[in-house]
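*Asks:* okay, sequence plus prediction incoming.
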Number of protein chains: 2
Amino acid sequence: MVAWEAYLNEHRDQFINELLEFLRIPSISSLPDHRSDVQWAAEWLEARMKAAGIESVRIMPTGGHPVVYGDWIHTSGRPTVLIYGHFDTQPVDPLDLWDNPPFEPIIKDGRIYSRGASDDKGNLFIPIIVAEAMLKTGGGLPVNLKFLFEGQEEIGSPELPDFIGANKDLLSCDLVLSADGGQWDENQPALILGTRGLAAVYIHVQGPDHDLHSGAYGGTIANPIHALVQILDSMHDQDGRITVEGFYDNVRSLADKERAQLSRVPFDEGEYLNKIGATSVFGEPGFSTYERAWARPTIEINGIYGGFHGEGLKTVLPSTAHAKISCRLVADQEPSEISDMVLAHVKKVSPPGVKVKATKAKSGAIPYLVPAAHRGMSIAASVLRDLYGKEPYQIRSGGTIPVNALFLHYLDAYTIVFAFGLNDERSHSPNEFFRLSSYGRGQKAYGMLLDQLGEEFGHDETAEL
Amino acid sequence: MVAWEAYLNEHRDQFINELLEFLRIPSISSLPDHRSDVQWAAEWLEARMKAAGIESVRIMPTGGHPVVYGDWIHTSGRPTVLIYGHFDTQPVDPLDLWDNPPFEPIIKDGRIYSRGASDDKGNLFIPIIVAEAMLKTGGGLPVNLKFLFEGQEEIGSPELPDFIGANKDLLSCDLVLSADGGQWDENQPALILGTRGLAAVYIHVQGPDHDLHSGAYGGTIANPIHALVQILDSMHDQDGRITVEGFYDNVRSLADKERAQLSRVPFDEGEYLNKIGATSVFGEPGFSTYERAWARPTIEINGIYGGFHGEGLKTVLPSTAHAKISCRLVADQEPSEISDMVLAHVKKVSPPGVKVKATKAKSGAIPYLVPAAHRGMSIAASVLRDLYGKEPYQIRSGGTIPVNALFLHYLDAYTIVFAFGLNDERSHSPNEFFRLSSYGRGQKAYGMLLDQLGEEFGHDETAEL
């Protein structure tokens, strides 16, 4: 056993307890009331990274939630690897569906239950303690390392593009490892070639200036909820195809080669549905479920609300109605263009009698695709093959990791998503958890990957493939 | 000045203060938390009616909220008049739109601001104090009087049909006066020939059994909000016509004579819209605004909710979505048949991939039309003509007074809506109020009407016209 691995084993309990401590910080980036908690998480990380032996550690402002930076740059002739993760979390509602308070982590059956356990604090913490293990046992690291941890991934990283653009020299690197993502399952590794982008739009429909008696006014003026459902319903056809004009125009078609590769990924529809309690799959005809999840764009209504929602009946013609919608995008859709198309569609289909206001959310993310032949990808594949004893699937992720595209754009470096969350861990839902087994394996994997990158990945590797 | 009128004038301040006391009781019938407040309002009324000299006063159970009964039956050869009103109120949300707490009534500029001030406590209290004035000054009443005040009008009077059916002898009468309604405006009286009925349906759409990450699952399974907006949008065409099969089949066509009469009621569209802050009228083509409001049925979405509705963005594919819808019905639509049609429609249009459950609300009300030639109607018209110096409009009300149809069915007695609320008094909305001037005029009107009914309305008048 190599020295760093022994160190990780010896400190196993301590590193679990430290993760629990980190998880207790309710760093919900979308809620203004939790702004100081996001800052608190940044300060916690700053202190912990310094203790690990990482250098130049500091909290840097972004205009929104801060980032935490650190580095260790002492091996000339070796590649520089930037490690990315995020220390903010999703909100917790509906709170009553949690078995345990979301920010009071507990360990049950080998799992840590807490908001942020899998997405992303558990994954983020792994490279920090691996670096500590290497620094405290060998006196150095096999590559030059930089750390960039952000506090607003769950709201779409609104300030991060400007931050990366303004700090290109500080962040320059040959390769990015993203600690935000996961593996296929406990026994099967996977590498992600692409992630979907994001564009979001909020729709507000204003009817009368106050709620009205539905007896007095029902039938004489437009009900804003009726207008809203009409607008929203017009965005899909009966089969789930998106009907917003131009929406599919820039979608890169799936290559036959990639479709063949995706079709080799086993899919058990019964199990897939059972896990989420759904009755059937549904969506755009002509594509498999994975193809729809990974390589096709969506428009999703994330929330809708208007009028009375208490118990019983209130015969009201409401004043306003609201919806939040977000689009998952694939290469080569451009978030701002897509938002504009949605706004134009809303304008086109808005019925008379109400005022409709649709606004682009600040959040947005460019979709991302890494070439399958990328050298870092094949090194990561060999580490995973050694560790799991299986060839990793080469897949995509339906989720959004906005920074992948940003790193490519600003730093000219591709990102390998190298993380150990699993799909059933209820990220974004009540009762989120992270497996202790993943926590342990992730540590070993990061150690092996850094070692192999140090040996095999030239710092002259470029993004041009 | 007659004696009862002098008595009312002398006790003016006392009767205002007593109304304020009555309004302080938060008797919201739709909210289980306020059940004891509805009971409290019943007890308050019981005590006040006894003090007025009304006899046989008692609270009677219904299985839901109670009713309060009282009578005074001592004039043989005179008609028996049943006076109806309700002591429950609508909920108060959104609370932050109230300038003053809804159950802490205040008087400002000659108006009493409070939930329930206009609908219906202010109106209900009038005949009680008029009876007191007559009893304390003349020693008797010009007619036999019965009082029936209920505590669940705002939830559609679910238990009242059974109650009236079970107490036909107790409630038997020649004519009903409903103290739940209003006049055209401060200077123009109106008599209501018809009220709309009500049928309500709740729709619940279940997708996955927990909220999902919209990146991981978006595009692969049905989103319950999408399904809900599709279902709801299918209930109207672009012009606002209802597309539920059979919905209009039993609608009694407007007679040319009634249309001509309705067209004589002045309508200022600018003022109408300005009062409610709406941009234009909207609805079923081929009918005037009043015709749509009074003589045409509706399907109205009263509330919709599902997914995330906090601040900012949450990229979730939600587990459930819900809507509350209610239909305003006109003669001769039958509430239960209409609910069944809506349920059948929901079933027909429900898309795949979700579980849709639609349920009939307990609430329901039969639409109602009184013959224009009814004798009580012409007596009421003459009282209003004397009091206002104007011929009352003969209109309908778009609202629902479920009991009108019930009294006709069980007691074979037509109802004259004789009340003094006005349309701008924000019943069902924040900042509801009742005019002190209406409170005073209503007292005089009730005194005059009871006197004239005693002289002119035979107790052999029947519902058969």
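*Replies:* It's in.

*Asks:* now whichever helix in chain A runs longest: average pLDDT?
*Replies:* Ranked by residue count, the top helix of chain A under DSSP state H comes out as helix A:436-456. Averaged across helix A:436-456, pLDDT comes to 96.

*Asks:* list the helices and strands that helix packs on?
*Replies:* Counting contacts by 3 or more C-beta pairs under 8 Å, 6 or more residues apart in numbering or on different chains; DSSP states H and E, helix A:436-456 packs against helix A:3-10, helix A:12-23, strand A:111-113, helix A:122-138, strand A:175-178, helix A:375-388. For the C-beta atoms, the positions are set from N, CA and C on the backbone; glycine is no exception.

*Asks:* which sections of the stretch 1-150 of chain A are below the confidence cut-off?
*Replies:* The model of the stretch 1-150 of chain A has no residue with pLDDT under 70.

*Asks:* show me the contacts for the residue in it positioned nearest to chain B.
*Replies:* Scanning the stretch 1-150 of chain A for proximity to chain B using C-beta to the nearest C-beta identifies residue A:30 as nearest, at 3.9 Å. Under the criterion of C-beta atoms under 8 Å, 6 or more residues apart in numbering or on different chains, the neighbours of residue A:30 are A:90-91, A:154-155, B:310-314.

*Asks:* grab the nearest non-local neighbour of it.
*Replies:* Take residue A:30 and drop its neighbours on the chain: the residue closest to it by C-beta to C-beta, 6 or more residues apart in numbering or on different chains is residue B:312, 3.9 Å away.

*Asks:* and what of residue A:292?
*Replies:* residue B:219 (4.1 Å).

*Asks:* now the strands for the stretch 251-400 of chain A?
*Replies:* Applying DSSP state E, counting those that start in this stretch to the stretch 251-400 of chain A gives strands spanning A:298-307, A:316-317, A:320-329, A:355-365, A:368-369, A:393-397.

*Asks:* how far is the longest helix of chain A from where the chain is centred?
*Replies:* In terms of C-alpha atoms, centre = their mean, to the nearest Å, the centre of helix A:436-456 is found 21 Å from the chain centre.

*Asks:* re the thing from before, mean neighbour count, distance to residue B:248 and mean pLDDT added to the strands of the stretch 251-400 of chain A, as a markdown table?
*Replies:* Shown next, in a markdown table, are the strands of the stretch 251-400 of chain A (neighbours: other C-beta atoms under 10 Å in any protein chain shown; distance: least, C-beta to C-beta, whole Å; pLDDT from 0 to 100):
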| stretch | mean neighbour count | distance to residue B:248 | mean pLDDT |
| --- | --- | --- | --- |
| strand A:298-307 | 25 | 25 | 98 |
| strand A:316-317 | 29 | 20 | 95 |
| strand A:320-329 | 26 | 26 | 97 |
| strand A:355-365 | 18 | 29 | 91 |
| strand A:368-369 | 24 | 54 | 90 |
| strand A:393-397 | 21 | 51 | 90 |
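
*Asks:* out of those strands, which is closest to residue B:406?
*Replies:* With C-beta to C-beta, the closest approach to residue B:406 among these belongs to strand A:316-317: 23.7 Å.

*Asks:* give me the residues contacting the closest one.
*Replies:* For strand A:316-317, using C-beta under 8 Å, 6+ apart, the contacting residues are A:207-208, A:211-214, A:217-218, A:221, A:223, A:307-308, B:300, B:302-303, B:428-429.

*Asks:* repeat that for 7 Å
*Replies:* A:211-212, A:214, A:217-218, A:223, A:307-308, B:300, B:302, B:428 (C-beta atoms under 7 Å, 6 or more residues apart in numbering or on different chains).

*Asks:* mind putting these in TSV, distance to residue B:95 included?
*Replies:* Output for the contacts of strand A:316-317, formatted as TSV (distance: C-beta to C-beta, whole Å):
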residue	distance to residue B:95
A:211	12
A:212	18
A:214	20
A:217	22
A:218	24
A:223	22
A:307	15
A:308	13
B:300	23
B:302	18
B:428	14
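
*Asks:* take the strands of the stretch 251-400 of chain A and write them to JSON lines, including distance to residue B:122.
*Replies:* Formatted as JSON lines, the strands of the stretch 251-400 of chain A follow (distance: least, C-beta to C-beta, whole Å):
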{"stretch": "strand A:298-307", "distance to residue B:122": "26"}
{"stretch": "strand A:316-317", "distance to residue B:122": "21"}
{"stretch": "strand A:320-329", "distance to residue B:122": "29"}
{"stretch": "strand A:355-365", "distance to residue B:122": "34"}
{"stretch": "strand A:368-369", "distance to residue B:122": "65"}
{"stretch": "strand A:393-397", "distance to residue B:122": "62"}
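
*Asks:* nearest to residue B:384 among the ones you listed would be which one?
*Replies:* Set against residue B:384 and scored by C-beta to C-beta, the strands of the stretch 251-400 of chain A come closest in strand A:316-317, at 28.9 Å.

*Asks:* any idea how far the closest one is from the middle of the chain?
*Replies:* Worked out by C-alpha atoms, centre = their mean, strand A:316-317 lies 39 Å from the chain centre.

*Asks:* ok so, going back, export the longest helix of chain A to PDB, keeping only CA atoms.
*Replies:* Below are the C-alpha coordinates for helix A:436-456, written out as PDB (Å, rounded to 0.1, in the frame of the first residue of the first chain):
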ATOM      1  CA  LEU A 436     -19.400   5.900   2.800                       C
ATOM      2  CA  SER A 437     -18.100   3.300   0.300                       C
ATOM      3  CA  SER A 438     -18.100   6.000  -2.400                       C
ATOM      4  CA  TYR A 439     -16.300   8.300  -0.100                       C
ATOM      5  CA  GLY A 440     -13.500   5.800   0.500                       C
ATOM      6  CA  ARG A 441     -13.200   4.700  -3.200                       C
ATOM      7  CA  GLY A 442     -13.200   8.200  -4.400                       C
ATOM      8  CA  GLN A 443     -10.200   8.900  -2.200                       C
ATOM      9  CA  LYS A 444      -8.200   6.000  -3.700                       C
ATOM     10  CA  ALA A 445      -9.300   6.900  -7.200                       C
ATOM     11  CA  TYR A 446      -8.100  10.500  -6.800                       C
ATOM     12  CA  GLY A 447      -4.800   9.400  -5.500                       C
ATOM     13  CA  MET A 448      -4.300   7.000  -8.400                       C
ATOM     14  CA  LEU A 449      -5.400   9.500 -11.000                       C
ATOM     15  CA  LEU A 450      -3.100  12.200  -9.700                       C
ATOM     16  CA  ASP A 451      -0.200   9.700  -9.800                       C
ATOM     17  CA  GLN A 452      -0.900   8.600 -13.300                       C
ATOM     18  CA  LEU A 453      -1.500  12.100 -14.600                       C
ATOM     19  CA  GLY A 454       1.900  13.000 -13.200                       C
ATOM     20  CA  GLU A 455       3.500  10.200 -15.100                       C
ATOM     21  CA  GLU A 456       1.500  10.100 -18.400                       C
END
